[in-house]
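Asks: Sequence plus the predicted model coming up.
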Amino acid sequence: MSIKQFVNTSNMGIFALIAILVLAFIIFNHLKDQLKVVHKFNKNIEQDLVSYPNAEFAVISDL
């Protein structure tokens, strides 16, 4: 393998690595936002259950 080919392949590897890291970062941020929404939703359900302990089911109104 010549030096020129080696430089080209390592540049592609670095580019691929950067692309994978960027995608992973974007996906992680998206999942983090989704988890915040789920956590907030769970807190609302817990508050409903605490407010109405004798209720058989909670009406989910704030979706």
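Replies: Cool, got the structure. No experiment lies behind these values; they were computed from the predicted model shown.
Asks: Would you mind pointing out the helix or strand Val22 falls in?
Replies: With elements taken from DSSP states H and E, the one containing Val22 is helix 3-51.
Asks: Just name whatever secondary elements that helix is in contact with.
Replies: On a contact count with 3 or more C-beta pairs under 8 Å, 6 or more residues apart in numbering; DSSP states H and E, helix 3-51 meets no helix or strand. For the C-beta atoms, the positions are set from N, CA and C on the backbone; glycine is no exception.
Asks: pLDDT (mean, whole number) over it?
Replies: In this model, helix 3-51 carries a mean pLDDT of 77.
Asks: Renumber starting at 41 from here on
Replies: That works, and once the first residue is 41, the last one we named lands at helix 43-91.
Asks: So what's the residue count around Asn84?
Replies: 15 (other C-beta atoms under 10 Å).
Asks: Relative to Asn69, how far out is it?
Replies: Asn84 is 23 Å from Asn69, where distance means C-beta to C-beta, to the nearest Å.
Asks: again with Gly53
Replies: In terms of C-beta to C-beta, Gly53 sits 25 Å off from Asn69.
Asks: what's around Ile67, how many residues?
Replies: Neighbour number of Ile67 under other C-beta under 10 Å is 10.
Asks: Distance of it relative to Gln74?
Replies: Counting by C-beta to C-beta, the gap from Ile67 to Gln74 is 10 Å.
Asks: neighbours around Phe81, how many?
Replies: 13.
Asks: Now for Leu61: which residues touch it?
Replies: Leu61 makes contact with no residue under the criterion C-beta atoms under 8 Å, 6 or more residues apart in numbering.
Asks: Distance check, Lys83 against Val77.
Replies: 11 Å.
Asks: er, Val62 actually
Replies: 23 Å.
Asks: Ok, Asn84 next?
Replies: Distance from Asn84 to Val77, by C-beta to C-beta: 11 Å.
Asks: Alright, I will stop here.
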